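Q: sequence and predicted structure below; questions after.
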Amino acid sequence: MQSSTLSSKLTSALLNFAWDEWAQIGILASTSSDRPWAQDPEALLLLTFDVARDDPRLFDEVLDWLVRNEPLISTRRLTTLCDGADEERLSAAVLGWVTRQRRPRAPDRQRRWEAGEEEPLFRGAHLPALVADPVFEAFGFNRPPVEPSGKSREPDLLAPINFAFRLRQLLGVGARAEAVRYLLTADTHPAAAADVARSSGYSKRNIQEALTALLAAGAATLASSGGEQRFGVDRSRWAHLLNLELHELPVYRDWPTLLGTLRLILSWLRTTDLETLSDYLRASKAGDLLDAVRPELARAGVLLPARIGGERSWTDLEATVEYALLSIAPGLVATGRPTAFEVIPDASMGYWWRLTTAAGRIVASSAESYASKRAAHAAAERVRTASQRLSFRVMPDAGAYRWNIVAENGRVLAASTESFAREQDGIRAYRGARELIAGAAPPSDGPLGSVNRARRHVTLRPDGRWQVQAEGATRAASTHATQADAIRSAKRRSLETRGPAEVVVHGRDGRIRSSEVVEQR
């Protein structure tokens, strides 16, 4: 995929996401979505200011919304979350325009853009506006004059996505509202002041003062762990105050990190010289970018695909972008599905289902074998269509952790094929897996899924020996006395394959225990 194609795909998906989020927040647009998460207004604004330069209508709808709802926005926090002078300049232009509309006689205290070449606000605008908007022009952006339409509405404070606005109405626009939002929704609870500050857009000092004030008012609790102070709140009491059931509290997402990283990737893809580079140099630059963005995406809770590296780094980047987009809205990804359910036979004449990415990585497999292909298909389809209602549990497993999908009666339906060193890593992974399941293609009613000849399975034979068998092959490539010997053999054979290959290890019960991509360096 060319860099321009990937850039267009990412831009389109982010525009779809922004339209959908803002439609739930109050701009004039229709949506059938009802997101369970609490959105971060300033992080969403910065994303929208960027991508809506490719969609003037969205840009102007958000301007209209800001004129009506500007008191609910923290201009200080918006500036803090900006990444670089260009984002600060664009944000200042928008805020200056909103101020002019709301308070036309107010003195103009906005810091102006230093004289230089003026640029079109909207990408693709080849000719400058004959009459330019004076506020945007003062910041170096050329666009036609615009007036608010007055069609936007106030946010529905009972919707989960508008939880930040609800807390700001209660606690004011500032550090206290952001601290309470984090403590009510984040996985880390109780949390250190540094954890709260990292996602709040306020300094650690401001957050410490806010948490101390909440503690003094009896609205927060304090505990010490390993010499570190950790703050918490009684979520059941706060839920009662907000007239919510405890389970109705919104889902936490680290939007500043996630959306900020996606803006960084998009900015990098717009670099004009990428198309002129050789495949090797382009892959090298993609590898450098991945070194920077993958830790941030992981911190934001994105389940990432296995990284192949080397000359396949551009493919790694494409897969990483796909997974990141699935984490924000699986139904809005513009093209393709990176995951699919496959139904495969086992050695005992039964059938399993597994969840497999487009790159061939197996994410999860069913916990039991089914007597027929139809039964396995039906079980996989039940999991796929109930993705947002599934229960996940992280369980210890041989010194590590795996996540399981659990039915209401406690029966384990599926398990992750990857193990995790920490329980928290398993929790993060299953949240990403939930989104992957929601965006996956259903199992086919026709022939079994496509065969990947570069995938080798290590399985137990009826005679007690372990075999290595290429996917789709009718005979084993080798047999071994121990599973460890079989794994070494499978990896050695995979290294003889041109390009990346995968080694899939099955346990004694036939269940997939792990999968690993290997490639000759």
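A: Sure thing, it's come through.

Q: going by C-alpha atoms from here, please, whenever you check contacts or count neighbours.
A: Noted.

Q: so for stretch 264-284, what gets flagged as buried?
A: If you call a residue buried by 16 or more other C-alpha atoms under 10 Å, then stretch 264-284 has these buried ones: Ile265, Leu266, Trp268, Leu269, Leu274, Arg282, Ala283, Ser284.

Q: now do the end-to-end distance for that stretch.
A: Across its full length, stretch 264-284 reaches 17 Å end to end, with C-alpha to C-alpha, to the nearest Å as the criterion.

Q: so what touches it?
A: Stretch 264-284 has contacts (C-alpha atoms under 8 Å, 6 or more residues apart in numbering) with 2-4, 6-7, 10-11, 289, 293, 310-314.

Q: where's Gly464, which helix or strand?
A: Element membership of Gly464, judged by DSSP states H and E, is empty: it is in no helix or strand.

Q: residues in contact with it?
A: Counting by C-alpha under 8 Å, 6+ apart, Gly464 makes contact with Ala481.

Q: care to break the protein down by domain?
A: 12-142, 339-438, 455-518 (automatic domain parsing).

Q: and of the ones you listed, who's closest to Leu259?
A: Leu259 lies closest to domain 12-142 among the domains of the chain, at 6.5 Å (C-alpha to C-alpha).

Q: ok, back up a step: looking at the domains of the chain, which is closest to Leu222?
A: When those are compared for distance to Leu222 using C-alpha to C-alpha, the nearest one is domain 339-438, at 22.0 Å.

Q: so how many other residues sit close to Val505?
A: Val505 has 25 neighbours, counted by other C-alpha atoms under 10 Å.

Q: so where does it fall, helix or strand?
A: strand 501-506.

Q: shouldn't Leu304 be within a strand?
A: No. Under DSSP: H, G, I helix; E, B strand; the rest coil, Leu304 sits outside any strand and is assigned coil.

Q: burial count for it?
A: Other residues near Leu304 number 21, with proximity taken as other C-alpha under 10 Å.

Q: and it, how far is that from Leu10?
A: Here the distance between Leu304 and Leu10 works out to 17 Å (C-alpha to C-alpha).

Q: which one is Val468 nearest to, not counting chain neighbours?
A: For Val468, ignoring the flanking residues on the chain, the nearest one in space by C-alpha to C-alpha, 6 or more residues apart in numbering is Val458 at 4.8 Å.

Q: over to Arg102?
A: Closest residue to Arg102 in three dimensions, ignoring its sequence neighbours and counting by C-alpha to C-alpha, 6+ apart: Val67, at 6.4 Å.

Q: that neighbour touches Glu147, doesn't it?
A: No. Using C-alpha atoms under 8 Å, Val67 is not in contact with Glu147, being 10.1 Å away.

Q: more neighbours: which of these two?
A: Comparing Val67 with Glu147 by neighbour count (other C-alpha under 10 Å), the higher total belongs to Val67, at 20 against 11.

Q: quick one: end-to-end distance for stretch 189-206.
A: End-to-end distance for stretch 189-206: 19 Å, by C-alpha to C-alpha.

Q: dump the C-alpha coordinates for stretch 128-139 into PDB.
A: What follows is stretch 128-139, C-alpha atoms only, in PDB (Å, rounded to 0.1, in the frame of the first residue of the first chain):
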ATOM      1  CA  PRO A 128      -7.100  31.700  -2.000                       C
ATOM      2  CA  ALA A 129     -10.500  33.100  -0.800                       C
ATOM      3  CA  LEU A 130     -11.200  36.500  -2.500                       C
ATOM      4  CA  VAL A 131     -12.500  37.700   0.900                       C
ATOM      5  CA  ALA A 132     -10.800  36.100   3.800                       C
ATOM      6  CA  ASP A 133     -12.000  35.600   7.400                       C
ATOM      7  CA  PRO A 134     -10.100  38.300   9.400                       C
ATOM      8  CA  VAL A 135      -9.600  36.200  12.500                       C
ATOM      9  CA  PHE A 136      -8.200  33.200  10.700                       C
ATOM     10  CA  GLU A 137      -6.200  35.500   8.500                       C
ATOM     11  CA  ALA A 138      -4.500  37.000  11.500                       C
ATOM     12  CA  PHE A 139      -3.200  33.600  12.400                       C
END
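
Q: in that stretch, which residues are buried?
A: Judged by neighbour count using 16+ other C-alpha under 10 Å, the buried positions of stretch 128-139 are Ala132, Asp133, Val135, Phe136, Glu137, Ala138, Phe139.

Q: can you lay out the domains of the chain as TSV showing mean pLDDT?
A: Listed next are the domains of the chain as TSV, based on pLDDT from 0 to 100:
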stretch	mean pLDDT
domain 12-142	88
domain 339-438	80
domain 455-518	78
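
Q: just the helices in the stretch 101-250 of the chain please.
A: In the stretch 101-250 of the chain, the helices defined using DSSP state H, counting those that start in this stretch lie at 134-138, 163-171, 175-185, 193-200, 204-216, 235-241.

Q: what about the strands in the stretch 351-500 of the chain?
A: Shown for the stretch 351-500 of the chain, the strands assigned by DSSP state E, counting those that start in this stretch span residues 351-357, 362-366, 391-397, 400-406, 412-416, 455-460, 466-470, 478-480.

Q: which helix is the longest one in this structure?
A: Under DSSP state H, the helix in the chain containing the largest number of residues is helix 3-25.

Q: which strands and helices sit next to that one?
A: When contacts are defined as 3 or more C-alpha pairs under 8 Å, 6 or more residues apart in numbering; DSSP states H and E, helix 3-25 packs onto helix 41-51, helix 255-269, helix 313-328.

Q: and the ones you listed, which one's lowest on average pLDDT?
A: Ranked on mean pLDDT, the bottom entry among these is helix 313-328, at a mean of 85.

Q: how about the CA coordinates for the helix or strand that it is followed by, as CSV?
A: Per DSSP H and E, helix 313-328 leads on to strand 339-345 as the next helix or strand towards the C-terminus. Provided in CSV are the C-alpha atoms of strand 339-345 (Å, rounded to 0.1, in the frame of the first residue of the first chain):
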residue,chain,number,x,y,z
THR,A,339,-9.7,-10.2,11.8
ALA,A,340,-11.8,-13.2,10.9
PHE,A,341,-13.3,-16.3,12.5
GLU,A,342,-12.0,-19.6,11.1
VAL,A,343,-13.4,-23.0,11.7
ILE,A,344,-10.7,-25.8,11.5
PRO,A,345,-10.7,-29.5,12.1
